[in-house]
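Trainee: Output the structure for:
(chains A and B)
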Amino acid sequence: MQTAESRPFWEWPLKILVTIILIPKKFLDWAMNSEAFLGYLFILPSLIGFIAFFAYPAVRSVYISTLEWNLLTPAKHVGDDNYQFIYHDERFREALKTTVYYVLYNIPLQTLLALMIAVMMDKVHNSSFLRGIFVLPWLLPNVVVALLWLWMMDPSLGIINQALKQVGIGEQGFLGDPDQVIQSLAAINIWRHAGYTSILVFAGLKTIPKGLYEAAAIDGAGEIQKFLRITIPLLRPVLSFVLVTSVIGSFQVFDTIAITTEGGPAGSSRVILYYIYEQVFERRIHMGTASAASVVLFLILFTVTAIQMTFLRAGKSDLAEYS
Amino acid sequence: MMATLSKLQVKRFTRETTNHEPKKRISGSRILMWLFLILLLFVTIFPLYWVIRTAVTPPKKVYSEARALAPSDPTTQNIERVLGLISDEELTALVKKNPTISAGKLDFLHFVKNSCIVAGAITAGQTFFSSLAAYAFARLRFPLRNLIFYSYLGGLMVPSIVLFIPNFVLIRNMEWIGTYKGMIAPTFLMTPFAVFFMRQFFLNLNTDLEEAAKLDGATHAGIFLKIAMPLSKGPIFTLAILTFITSWNEYLWPFLVGRDEKVRVLTVALSVFRSQTPQGGPDWAGLMAGTIVAVIPTFLLFIFLGRKVVDSIQFSGFK
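Mentor: Modelled structure (predicted):
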C-alpha cells in the first residue's frame, strides 16, 4: 500500500507515452523484416504505374471502341458500329495490306542480313568496336534516321540519286513514288535494325559448343552442312526471339512514316498506325474508330505471335538434347 | 621412354597445329567475307558522315554542290543557327541571301534542355521503382506475387498505340497536355520491360551472401539496401542507359502531349522543323545541323560506354 502511494502521479501517463512512442518503432522493426509488408511496399509504386497507365487504359481502350466520341461533346454508345465501320472502310483494308507488305519486305531481308553479318563476324573478325558500329544506327532516334534517309533519298538533290545518275541509272522516286515507297521504308528500317539483330544473333552463336562443329567435321560434314544442321537449329531460340519481336515492331511502324511521307504519296504508305493516328489527330476526331482499329491491331499481333511461337517452338532449345 | 613420349607429344602437337592451320589461310571465301563486312560498314557509316557533311555545308552549296563528298568551304553557321546563337539581324541577312533556309528563329538548346528533363526524369523514376519492384518479385514472398508479376508481363504484349489513346484522354482530363508531367507520367513508375529485365538479373544473382546475412540477423530491408543494391549497380546502370536512350528517342507520345514550344523535346522539334518548308524544299543544312544536336548524347554514351551498351543489348535480348 505504502509503496503504491509513493509512486509518483506521472508514472502511468509516462508508461502510456512510452508505449505510444514505441509502437511505431516496433512496427518499423516488424515491417522492415516482414516479407509481405516489404514486398507490397516495394511493388506499390510500380503497381500504381501499371494500373494507371497499362492495365486501366488497356481495358478502357476496348470500352472507348464502343463509343462515338470526339472528345468535345458527350460520348454516345454505338455498340459494334466502329468495328463495322473499319471492316467496311476501304482505307483500313488498304492500310492492313500496306502494313503486311512492309513486314514482308522488312523481316526476311533484315533477318537474313543479320544472320550473315553475325556469321561473318564470328568467322572473320569480331571486336566490340565492329559490333559497336553495327549497333549504332539502332541507338539513333527514329526521327533522325527518317530525316537522314529522306535527305539521302531526295529525288533531285539526294546523294543516292546523284550517284545513280553518275553511273547511268535514271533518278528514282523512292519515298515519292507510290510503287517504291514501301520498299524504301523497309530499306530504312533494315539499315536501322540489321546491325542490332546481328548482335543478338552473334551472342547466340557464341553459345553453340565448338565441340559440335569438330565432331561434325570428323564425320565429314562440310561448311554448308554444318551451318544448316548445327548453326541454324541451335540458333532457333535466338532467331525466334528476333523474329517475334521484329515482326511485332514492324507491324507498329509509325515514326519513320510520319516524318518522311505522312502516309503518302496518295495513301500508298498509310500503315495501320498511321490510319489510327489520322482518326484522332487529323480531320475530325473519332476516338471510337481509332480505338477499334487499335484493338484489331492487338488481336492481329496476338494471333501472329501465337502462330510464330507454335511454329518456331520458341520456348524450347535444341541444345538441351545435346548436353 | 620419356624421350619417345615427348617425341610423340611433339608429333601430336604439330599435327594439331597443322590441322588448325587452314583457319589462318587467306582463302577466297575469307576475302569475300571481308569485302562484304567492309561494304556493310560503309553502308552503316556513310549516312552518318553525310549528315555531318551536309550540316557543315553553306545552305547555297547544298544545292550547287549536291554531289561533292566534302563542302568546298565548311562552316559552323548552320549549327550556330539551329542553336539560336546568331543575332536576329544576322539571321535576317542570312535568310535574304539564302531563301532556302528557315526564316524562323530556332533554339535547339532549349529543346536539348527539354529532352534532358524528360528523359532524365523518366530514367531516374523508372529505373528506381522498377528495380525495387523487381527485387520484390525475385526475392520476397507475398500473397498474389506471381499473379501481379504475370499481369505485368501481359503488359508487354499490348501495342503502345492501344494504350496511347486512353492515356491521351487521361492526361488531357488532368490538364497535363503541354507539360513535362504529361510526357513523363506514363513511364515514370514502371515499364513491364524494366521490371522484367531487373527481375531476371536478381533471379540469377547468387543468394549465398543474402543467406549469410540472414543468419547474422539482418532484416529483409537491410539485405536489400546493404547487399542486393551494391551488387546490382552494374545492371541498374545498364537499365538506366537503355531507358535513357529509349525515352530520348521517343517520338509519338511527346508529339501527342508535348507539342508546345515551351516543353517540346528534340525529336518533336525536328519533326516540326521538317514540316516548315521554306521556298519549296526543306532546309536541309539546318535540318542536318539539328540532327547532329539531337544525336550528341547518343554519341557521347556510345563513345564512353560503347562496349557496355553492346553488352547490355545482348543481355536484354536474351532474357
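Trainee: Skip the chain neighbours and tell me the closest residue to the residue in the stretch 101-250 of chain B positioned nearest to chain A.
Mentor: Closest residue of the stretch 101-250 of chain B to chain A, C-beta to the nearest C-beta: B:Leu189 (2.6 Å). Glycine gets a C-beta too; all of them are placed from N, C-alpha and C. Using C-beta to C-beta, 6 or more residues apart in numbering or on different chains and skipping the chain neighbours, the partner closest in space to B:Leu189 is A:Gly49 (2.6 Å).
Trainee: Look up the pLDDT of the one you found for me, please.
Mentor: Looking at A:Gly49, its pLDDT is 96.
Trainee: Next up, the contacts around A:Gly204.
Mentor: A:Ala118, A:Leu234, A:Leu235, A:Pro237, A:Val238, A:Leu239 (C-beta atoms under 8 Å, 6 or more residues apart in numbering or on different chains).
Trainee: mind redoing it with 10 Å?
Mentor: A:115, A:118, A:231, A:234-239, A:241-242, B:314, B:317-318 (C-beta atoms under 10 Å, 6 or more residues apart in numbering or on different chains).
Trainee: For ChimeraX, what selects the buried ones among these?
Mentor: To isolate the buried subset of those in ChimeraX, counting by 16 or more other C-beta atoms under 10 Å in any protein chain shown, use the following:
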select /A:115,118,231,234,235,236,237,238,239,241,242 /B:314,317
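Trainee: Tabulate the contacts of A:Gly204 in a markdown table, adding columns for pLDDT, secondary structure and distance to A:Leu71.
Mentor: As requested, these are exported to a markdown table (pLDDT from 0 to 100; DSSP: H, G, I helix; E, B strand; the rest coil; distance: C-beta to C-beta, whole Å):
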| residue | pLDDT | secondary structure | distance to A:Leu71 |
| --- | --- | --- | --- |
| A:Leu115 | 94 | helix | 47 |
| A:Ala118 | 92 | helix | 48 |
| A:Thr231 | 89 | helix | 54 |
| A:Leu234 | 88 | helix | 53 |
| A:Leu235 | 89 | coil | 48 |
| A:Arg236 | 87 | helix | 47 |
| A:Pro237 | 84 | helix | 45 |
| A:Val238 | 87 | helix | 44 |
| A:Leu239 | 89 | helix | 44 |
| A:Phe241 | 87 | helix | 39 |
| A:Val242 | 90 | helix | 39 |
| B:Gln314 | 72 | helix | 44 |
| B:Gly317 | 58 | helix | 39 |
| B:Phe318 | 51 | helix | 43 |
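Trainee: before we move on, the earlier item: before we move on, which element is the residue nearest to B:Leu189 in?
Mentor: helix A:35-50 (DSSP states H and E).
Trainee: got the CA positions of that helix in PDB?
Mentor: In PDB, the C-alpha atoms belonging to helix A:35-50 read as follows (Å, rounded to 0.1, in the frame of the first residue of the first chain):
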ATOM      1  CA  GLU A  35       8.500 -10.100 -46.400                       C
ATOM      2  CA  ALA A  36       4.900  -9.400 -47.200                       C
ATOM      3  CA  PHE A  37       5.000  -5.800 -46.000                       C
ATOM      4  CA  LEU A  38       8.200  -5.000 -47.700                       C
ATOM      5  CA  GLY A  39       7.100  -6.800 -50.900                       C
ATOM      6  CA  TYR A  40       4.000  -4.700 -51.200                       C
ATOM      7  CA  LEU A  41       5.900  -1.600 -50.300                       C
ATOM      8  CA  PHE A  42       8.400  -2.300 -53.000                       C
ATOM      9  CA  ILE A  43       6.000  -3.000 -55.700                       C
ATOM     10  CA  LEU A  44       3.500  -0.300 -54.700                       C
ATOM     11  CA  PRO A  45       4.800   2.500 -57.000                       C
ATOM     12  CA  SER A  46       5.200   0.200 -60.000                       C
ATOM     13  CA  LEU A  47       1.700  -1.200 -59.300                       C
ATOM     14  CA  ILE A  48       0.200   2.300 -59.300                       C
ATOM     15  CA  GLY A  49       2.000   3.000 -62.600                       C
ATOM     16  CA  PHE A  50       0.900  -0.300 -64.100                       C
END
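Trainee: what packs against that helix?
Mentor: Where contact means 3 or more C-beta pairs under 10 Å, 6 or more residues apart in numbering or on different chains; DSSP states H and E, helix A:35-50 is packed against helix A:11-33, helix B:108-139, helix B:145-157, helix B:180-188, helix B:192-204, helix B:220-223.
Trainee: how much space is there between the residue of the stretch 101-250 of chain B closest to chain A and B:Val169?
Mentor: Remark: distance between B:Leu189 and B:Val169 (C-beta to C-beta, to the nearest Å) = 19 Å.
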